[in-house]
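**Q** return atomic coordinates for the entry below.
(chains A and B)
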Amino acid sequence: MTSPTDHAGSVQRRLLGLLLIPLALLLAGGILLDYTIVIRPIPAAYDQALVNAALGIAAHVEVDANGHVTADLSQQADTLLRSDRYDAVYYLVSGPDGGYLAGDRDLPVAPGDPRKPTYRDTEFRGDPIRVASDRVPTAAGVVTVSVAETLHKRERARRRVLVSLVGTDLLQLGATLLLAWIGVRYGLRPLRALRDQIAARSARDLAPLDLAPVPGEVRPLVRALNRLLATVREAAEAQQRFLADAAHQLRTPLGGIQAQLELLAHDPGAAPLRDRVRALHEGSRRAAHTANQLLALARAEPSAVVAGDIRPVDLKALVTDAVATQFDRALAAHQDLGAETEPVHVAASDWLLRELLANLLDNALAYTQAGGHVTVRCGADGAGAFLEVEDNGPGIPPALRGRVRERFYRLPGSRGNGCGLGLAIVDGIARLYGAELGIDEGADGRGTRVRVRFAHRLA
Amino acid sequence: MRILVVEDDALVADAICRGLGRSGFAVDHVGSAEHAEAALELEHFDLAIIDIGLPGADGLALVRRLRAAGRALPVLILTARDGLADRVDALDLGADDYLVKPFELPELAARSRALIRRMRSVASARLAIGELALDLAARSAHVGGDPLELTRREWSILECLALQAGRVVAKDRLLQAIAGWDEEISHNAIEVYVSRLRAKLGAAAAIHTVRGIGYRLDDVAH
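**A** Below is the predicted model:
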């Protein structure tokens, strides 16, 4: 499963990717550059020290009258030369003929260049060494002075530079990336606020979004959204007005016809036609009922619902009213109608819930036999508030409990003169409020229990 | 008992006038809010039945004007609309009851009778429900001229039910009617008082139990 966001990616991820990866590469390159720039002069400095030492030794080279070359270093000078905190220091002075004059025999010599000092990395007595050789011209010819040392000092210096340089650079890298990340998060805060504002809204809320906290870049988007919301809102309001007018235009004449036929049924003058008048009266009643149901169904359509209708509804009062309204009918049909209520409120439209409960109760009373019981309940459990009607009538076979919610579906062989819209209306209204319609059998497996379970409760 | 019907639909108006006439009311009919105001100015009526969807000023505006003018006559609103707004508006504006079209004529007659009875009981402190007669000032009840022996609490319950005759009265409401400040009375006690009342009323009036909610006092003829 890929959601649309997978394709577009998140702006934050893109920004972070575009910022952090190049920044990290740049800083890594910087570290490399720093390293080479700082590390490279280190050997040169130590090499220079070796050459200086060689020059110092060369000062002791003397040529006597016979053209005999000597290099006489006192014990003191020798000790001074060799004293070093970290490294072993060696030297060798060789005459113009290559003969040994002073120092350590067998010390390797860097290949010659008479004009400038030369260097060589090699090994001596098992340790790696660096040798600097300088050639000193004397009256008796060129004397070669070589000075060498082991590499501990150089290694140490390189390590210290590495640690301090790379350490600070890595710290800088970390700080830069962190700042970039914080900046991006902070910069995108208005977008997240907008997202939360939208997420916190009810699906039925058609009020415009607040433009004030929206950054300029997305403002046109939010404006377009607000225009769309306004269009939907106007359409819903127009739909409501239309339905209200339609209700008026349908019910007024139907009410007139029904009342006139009712009068006619009792008119002594119409006695010979009584059966036909009664049939007409019943027919007009059915037409009125169907018109009412169709209007209710249309008004339960999500497109016709305006959010402003939603208020806290007292379910206990709703149940009490519904039972009181239908009490005469139950009395006449010798049915025991009652209620079991707990005080509980839900957020909904009062009259749509009235419509819902009236339909549930109408079904129960229509299909329950004389002497049967019908009980309306409201209350709440952990999950939320519920509203239910239970009867001990004929019940609905489990296989058909899904179908009875369909519009105009009637149970095979059912009595009464319903139009098959009752449960479709209940289902439609329940869906508006995210409530769930459950159809089960009643207590001890008899009859029907229809429960509307809300996902919330107020107080 | 005289009723003014304010309804612009001829078919409905005619049915209401005939139906209520057959139930023993004297009925006058006008087709607009303006005519209704003129009629109420000239004559005395016990009840106005007003349709919301009138041409010109609508029924709600008429109720508002009547109440603003200090007229206390009971008003029953008729409407072909549903939805909460109209209902709330109508009752807030001072209408006493509300019926949605299409309605059954006996229902309209019963509600009209109840409204008029309530209005008259306020004016005269007397209440008649079929054979049962209550004198609210003397706190006494008669059935067919014979006085009923009632305890203080039985009387309070009967009065409460009678003032709302034909309507369901919640048990809590009855509890409030009989409970003193310092007394705790249970729902079961209410049942005991009601069963005694039933025995004393006999066939004169019926007190129906509305399971889980309360009771309803009905005229046996109803």
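**Q** where along the stretch 251-400 of chain A do the strands fall?
**A** Assigned by DSSP state E, counting those that start in this stretch, the strands in the stretch 251-400 of chain A fall at A:311-314, A:336-341, A:345-348, A:373-381, A:384-391.
**Q** out of these, which is closest to chain B?
**A** In terms of CB to the nearest CB, the element of the strands of the stretch 251-400 of chain A nearest to chain B is strand A:336-341, at 2.6 Å. C-betas here are computed from N, CA, C, even on glycine.
**Q** do that closest one and chain B meet?
**A** Yes - Strand A:336-341 is in contact with chain B by CB under 8 Å from any CB of the partner chain, via A:336-341.
**Q** can you name the two of those that are farthest apart?
**A** By the measure CB to CB, A:Asp336 and A:Thr341 form the most distant pair in the residues of strand A:336-341 next to chain B, at 16.4 Å.
**Q** neighbour count winner among the two?
**A** Neighbour count, other CB atoms under 10 Å in any protein chain shown: between A:Asp336 and A:Thr341, A:Thr341 has more, with 20 against 15.
**Q** do you know how far the residue lying closest to the more buried one once chain neighbours are set aside is from A:Cys378?
**A** Of all residues not flanking A:Thr341 in the chain, A:Lys316 sits nearest, at 4.4 Å (CB to CB, 6 or more residues apart in numbering or on different chains). Noted for A:Lys316: a distance of 6 Å to A:Cys378, by CB to CB, to the nearest Å.
**Q** shared neighbours of those two, anything?
**A** Common contact partners of A:Lys316 and A:Cys378 (CB atoms under 8 Å, 6 or more residues apart in numbering or on different chains): A:341-342, A:344.
**Q** for those residues, give me JSON lines that also has pLDDT and distance to B:Leu105.
**A** Output for the shared contacts of A:Lys316 and A:Cys378, formatted as JSON lines (pLDDT from 0 to 100; distance: CB to CB, whole Å):
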{"residue": "A:Thr341", "pLDDT": "94", "distance to B:Leu105": "32"}
{"residue": "A:Glu342", "pLDDT": "93", "distance to B:Leu105": "38"}
{"residue": "A:Val344", "pLDDT": "94", "distance to B:Leu105": "37"}
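**Q** what does stretch A:232-250 contact?
**A** Contacts for stretch A:232-250 (CB under 8 Å, 6+ apart): A:206-207, A:291, A:295, A:298-299, A:301, A:303-306, B:53, B:80-83.
**Q** more crowded one of A:Lys316 and A:Cys378?
**A** Between A:Lys316 and A:Cys378, counted using other CB under 10 Å, A:Cys378 has the larger neighbour count: 25 against 17.
**Q** name the helix or strand for A:Leu18, please.
**A** In this assignment (DSSP states H and E), A:Leu18 forms part of helix A:11-39.
**Q** pull out the buried residues from whichever helix or strand comes after that helix.
**A** Where DSSP H and E defines the elements, the next helix or strand beyond helix A:11-39 is helix A:41-58. Using 16 or more other CB atoms under 10 Å in any protein chain shown as the test for burial, helix A:41-58 gives A:43, A:46, A:50-51, A:53-54, A:56-58.
**Q** what would the residues you listed look like in JSON lines with distance to A:Leu107 and pLDDT?
**A** As requested, the buried residues of helix A:41-58 are exported to JSON lines (distance: CB to CB, whole Å; pLDDT from 0 to 100):
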{"residue": "A:Pro43", "distance to A:Leu107": "19", "pLDDT": "84"}
{"residue": "A:Tyr46", "distance to A:Leu107": "17", "pLDDT": "89"}
{"residue": "A:Leu50", "distance to A:Leu107": "12", "pLDDT": "89"}
{"residue": "A:Val51", "distance to A:Leu107": "15", "pLDDT": "90"}
{"residue": "A:Ala53", "distance to A:Leu107": "13", "pLDDT": "89"}
{"residue": "A:Ala54", "distance to A:Leu107": "12", "pLDDT": "88"}
{"residue": "A:Gly56", "distance to A:Leu107": "16", "pLDDT": "88"}
{"residue": "A:Ile57", "distance to A:Leu107": "12", "pLDDT": "88"}
{"residue": "A:Ala58", "distance to A:Leu107": "15", "pLDDT": "86"}
